[in-house]
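Asks: could you work out the structure for the sequence below:
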Amino acid sequence: MRRNFACVLRDAERNVVLDFLEKRDMATLKAYFAKKGVALCQQIEVVVSDMWDGYVNLVGAKGIFPNAINVIDRFHFVQHISTSLDGQRKLVRKEFASDERLKNLRWPLLKSPHSLNPDEQLQLKVAFEVSPTLGLIYALRTKLKAIFDTDCSKEAGLLALTSWEEEAAKVESKPLGKFLITVKNWKDKVCNFFTDRLTNGGMEGTNNHIRGLIRRAFGYVDFQALRLRVLTECGSTP
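Replies: I've put the predicted structure just below:
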């Protein structure tokens, strides 16, 4: 079945799939939760999501979860600076097209510093000597991750992120500049993470599991058949 199944509803505390919907548009989501009843919707306290408006607008006085706070998932948020880092790599590669020291940098750049082998560490060290800006963005990404790894209050998290934002603004980089717009627009909601420290960190594993189900079955003709299989293996059957 060659199509995108765009909405996985997941319990962020228990790490299980609650339901699997064929669409993720706001009308579908509102209709789905309306059937669950007002009482249940009013009990929801935290909604962890990416930055898609269809999810974000479900929360708050005008949404279907009036008593909830929206947490922009920290991993999704940090992924955007990784995109900026890779964007800067492409610019540098274009500027120094014949420089062998800047080839094959993508995966070492995107790996966690703790996962780098000695050769990769040396490769990045040399690359950052050629492009200090690339090194600065790499360091900023590490600092950003460290902020969300720190156990602190939302107020302290906001203060740390604001300080990081001011430091990043001093770096001249178009890809990083785009991410700073994202920081400005979503800073408050991503810092809601510090209130309960809930994430969608297990979602990528769930998505990979679902892709595996589809591959093993050589696709699904019927969405409901796939939905039941997902709930059986990743959550609880309806």
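Asks: would you mind measuring from Val71 to Val47?
Replies: 7 Å (Cβ to Cβ, to the nearest Å). C-betas here are computed from N, CA, C, even on glycine.
Asks: neighbour count for the two, which is higher?
Replies: Shown here are Val71 and Val47; by other Cβ atoms under 10 Å, Val71 has more neighbours (25 against 20).
Asks: hang on, the more buried one is in a strand, isn't it?
Replies: Yes - assessed with DSSP: H, G, I helix; E, B strand; the rest coil, Val71 lies in a strand.
Asks: the most far-flung residue of the chain relative to its centre in helix, strand or coil?
Replies: Distance from the centre of the chain peaks at Ser98, with 34.1 Å (Cα atoms, centre = their mean). With three-state DSSP as the basis, Ser98 sits in coil.
Asks: that one and Gly54, how far apart?
Replies: Counting by Cβ to Cβ, the gap from Ser98 to Gly54 is 46 Å.
Asks: show me the shaky parts of this structure.
Replies: 1-6, 236-238 (pLDDT under 70).
Asks: where along it do the helices fall?
Replies: Along the chain, the segments classed as helices by DSSP state H run 26-36, 38-43, 53-56, 74-95, 106-110, 118-130, 132-149, 154-168, 174-190, 193-196, 203-216, 223-234.
Asks: run a quick neighbour tally on the nearest residue to Ser49 once chain neighbours are set aside.
Replies: In space, and not counting its chain neighbours, Ser49 is closest to Tyr55: 3.7 Å by Cβ to Cβ, 6 or more residues apart in numbering. Per other Cβ under 10 Å, the neighbour tally for Tyr55 reads 19.
Asks: might one say that Tyr55 is in contact with Val47?
Replies: Yes - counting by Cβ atoms under 8 Å, Val47 is a contact partner of Tyr55 at 7.1 Å.
Asks: overlap in contacts, the two.
Replies: Asn70 (Cβ atoms under 8 Å, 6 or more residues apart in numbering).
Asks: so Phe148 touches Cys191, yeah?
Replies: No - using Cβ under 8 Å, Phe148 makes no contact with Cys191, being 9.2 Å away.
Asks: and these two? Which one has more around it.
Replies: Set Phe148 next to Cys191 and count neighbours by other Cβ under 10 Å: Cys191 wins out with 26 against 20.
Asks: pull the contacting residues for the more buried one.
Replies: 154, 157-158, 161.
Asks: now it. Its backbone dihedrals?
Replies: phi -80, psi -10 (degrees, to the nearest 10).
Asks: for the most centrally placed residue in the chain, which non-adjacent residue is spatially closest?
Replies: For the chain, His76 is the residue whose C-alpha lies nearest the centre (Cα atoms, centre = their mean; 1.0 Å). Leaving aside its chain neighbours, His76 sits nearest to Asp50 (4.5 Å; criterion: Cβ to Cβ, 6+ apart).
Asks: contacts only, for the one you found.
Replies: Contacts of Asp50 (Cβ under 8 Å, 6+ apart): 72-73, 76, 200.
Asks: now Pro230: how far from Lys143?
Replies: Quick fix: residue 230 is Val, not Pro. Taken as Cβ to Cβ, the span from Val230 to Lys143 is 37 Å.
Asks: of these two, which one has the most company?
Replies: Val230 (20 against 15).
Asks: against Gln88, how distant is that one?
Replies: Val230 is 38 Å from Gln88, by Cβ to Cβ.
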